[in-house]
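> No letters, just coordinates:
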Ligand SMILES: *Cc1c(COP(=O)(O)O)cnc(C)c1O
């Protein structure tokens, strides 16, 4: 009877020697997993791999097991891509976050008086300057800001909201669930497509604490629809001594066509407006609540605030982002990508095409609509340019998958069997690297 090949598997220490990896828990665990997989393969009747081949496999896995997140070059044209970390920070914001991370800072310390201060002090003034709000508080993300507002302002009481706004935003933020978790009672009014002022008015009772509006973010309603006028809605709330809460989601600080500006919602009478730091604002993950001073004070004083406060890196990066939106808005990558001149994008796509050509890859220039993403600007199409490559004889989806798996991943779209690379969301300084990655995958022999 032939010997069981599973008994001939190399030992962990043999593979450590072959790969030159040091014997720490991380690499030993990785080798054990490779050996377990090989053992299972042999159990199913597979042919044994040589120890050299197993060492190659271990080495490749070790190389992919870096200390950080894998870097992604975004060739999709989706600017605020939630799965890719949303807004890329500006250079300044990145530097400020790293500085706060690496050393000590005046995060909660007033250097003039030598006394304790609040981390909110670094942000409040800039936010009120940009938005015109009386006061502001920043927490960990916008879901947290909504949760804090509902808990502090409406726990145990009712909040009236239109059925057309009971939305789910990617990544499991559902308005009814957040409402339930906060202890506020949801009162739905109207229908999915039409809600009138009178619907809200009829729902107001002795238990009502607030009226709420939620930006539908990632979907858009067309056709036979109706929403209450925001000014009339705020007036209705105030005439019944209720609060008007407005969850804007993306919330742009500067005018962007198609997106409500944060300041305009305050002018329309909202008492508290919430939005994300890492969507159109272009900063780090954060949630901002702005509005009437007494209302914002109630959020800051609530016990939940302590559980939701932003960390020092977010405070530093958000401060830099706010500072830049006042001083040099064009330095913010999200704004640059959003407002990119189509002629410039065309020139960039042409440059990528030339870089590909010298590497033996033929690409054609195609117009391509971009989207803001992240639930921002639904229905707004941006005009831009991409390169399209015919991957045959390989299949586009195989190439697309291979592009995702390099040391630096490149995300592209596949349209009608073509690989489409949108230049809007790629760093201009790295087009040669993008061309290298594409050429390597397209001309690879292991098709
Ligand atoms: C994105 C969004 C949220 C959640 O914001 P996060 O910052 O991801 O927590 C909440 N409400 C609306 C309307 C949104 O668009």
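Now that the structure is in, tell me what you want to look at. Quick caveat: nothing in here was measured; it's all calculated off a predicted structure.
> tally of neighbours for the closest residue to the ligand within the chain?
Proximity of the chain to the ligand (CB to the nearest ligand atom) peaks at residue 249, 2.3 Å away. Every residue, glycine included, has its C-beta placed from N, CA and C. As a burial measure, residue 249 scores 26 neighbours (other CB atoms under 10 Å).
> Now do the SS call for residue 419.
strand (DSSP: H, G, I helix; E, B strand; the rest coil).
> check contacts around residue 420.
By CB atoms under 8 Å, 6 or more residues apart in numbering, the contact list for residue 420 reads 75, 366, 368, 386-389, 412-414.
> pLDDT and neighbour count added to those residues, as TSV?
Formatted as TSV, the contacts of residue 420 follow (pLDDT from 0 to 100; neighbours: other CB atoms under 10 Å):
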residue	pLDDT	neighbour count
75	97	25
366	96	16
368	92	23
386	97	31
387	98	30
388	98	19
389	98	22
412	98	27
413	96	18
414	97	14
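> Out of these, which sit inside helices?
Here DSSP state H is the test, and the contacts of residue 420 give no hits in helices at all.
> Rebuild those residues as CSV, extending it with distance to the ligand.
Formatted as CSV, these follow (distance: CB to the nearest ligand atom, whole Å):
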residue, distance to the ligand
75, 24
366, 30
368, 25
386, 26
387, 31
388, 31
389, 33
412, 25
413, 23
414, 27
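> mind giving me JSON lines with the residues you listed and columns for distance to residue 229?
JSON lines is the format used below for those (distance: CB to CB, whole Å):
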{"residue": "75", "distance to residue 229": "42"}
{"residue": "366", "distance to residue 229": "42"}
{"residue": "368", "distance to residue 229": "37"}
{"residue": "386", "distance to residue 229": "40"}
{"residue": "387", "distance to residue 229": "46"}
{"residue": "388", "distance to residue 229": "45"}
{"residue": "389", "distance to residue 229": "49"}
{"residue": "412", "distance to residue 229": "43"}
{"residue": "413", "distance to residue 229": "39"}
{"residue": "414", "distance to residue 229": "43"}
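> got a list of what residue 412 touches?
75-76, 400, 403, 419-421.
> how about a cut-off of 10 Å?
Counting by CB atoms under 10 Å, 6 or more residues apart in numbering, residue 412 makes contact with 73-77, 386-387, 389, 396, 399-400, 403-404, 418-422, 434, 437-438, 441.
> And residue 326, by the same measure?
126, 129-130, 253-254 are the contacts of residue 326 under CB under 10 Å, 6+ apart.
> buried ones in the helix or strand containing residue 434?
Assigned by DSSP states H and E, residue 434 falls within helix 431-442. For helix 431-442, a neighbour-count test (16 or more other CB atoms under 10 Å) marks 431, 434-439, 441-442 as buried.
> Which neighbouring elements make contact with it?
For helix 431-442, the elements it packs on are strand 72-74, helix 342-357, strand 363-370, strand 382-389, helix 396-404, strand 409-411, strand 418-422, judged by 3 or more CB pairs under 10 Å, 6 or more residues apart in numbering; DSSP states H and E.
> Tell me what angle the fifth one forms with helix 431-442.
For the pair helix 396-404 and helix 431-442, the angle between their directions (axes from the mean of the first three to the mean of the last three CA atoms, to 10 degrees) equals 130 degrees.
> just the second one next, same as before
Angular relation of helix 342-357 and helix 431-442 on a 0 to 180 degree scale: 50 degrees, by the same axes, to 10 degrees.
> Go through helix 342-357 and flag the buried ones.
Those buried within helix 342-357 under the rule 16+ other CB under 10 Å are 345-346, 348-349, 351-353, 355-356.
> quick one: average confidence on that helix?
In this model, helix 342-357 carries a mean pLDDT of 97.
> got it, and the last one?
Per-residue pLDDT values across strand 418-422 average out to 98.
> can you list the domains in this protein?
Residue ranges for the domains of the chain, per automatic domain parsing: 5-65, 71-84+336-442, 91-331.
> how about the residues of this protein near the ligand?
141-143, 146, 169, 173, 214-215, 217, 247, 249-250, 276, 287, 375 (CB under 6 Å from any ligand atom).
> Compare these and tell me which has the most neighbours.
Going by other CB under 10 Å, residue 247 tops these with 31 neighbours.
> isn't that residue right up against residue 275?
Yes: counting by CB atoms under 10 Å, residue 275 is a contact partner of residue 247 at 7.8 Å.
> so where is the stretch 101-250 of the chain shaky, pLDDT-wise?
170-171, 218-220 (pLDDT under 70).
> Strands of that one, start to end?
109-110, 115-116, 135-139, 158-162, 168-169, 173-174, 185-189, 208-214, 243-249 (DSSP state E, counting those that start in this stretch).
> Could you export the ones you listed as CSV, including distance to residue 25?
Putting those into CSV (distance: least, CB to CB, whole Å) gives the following:
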stretch, distance to residue 25
strand 109-110, 38
strand 115-116, 41
strand 135-139, 36
strand 158-162, 50
strand 168-169, 39
strand 173-174, 37
strand 185-189, 48
strand 208-214, 46
strand 243-249, 43
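> Nearest residue to residue 151 in space, ignoring adjacent ones along the chain?
In space, and not counting its chain neighbours, residue 151 is closest to residue 182: 4.4 Å by CB to CB, 6 or more residues apart in numbering.
> Do I have it right that the one you found meets residue 145?
No: judged on CB under 10 Å, residue 182 makes no contact with residue 145 at a distance of 11.6 Å.
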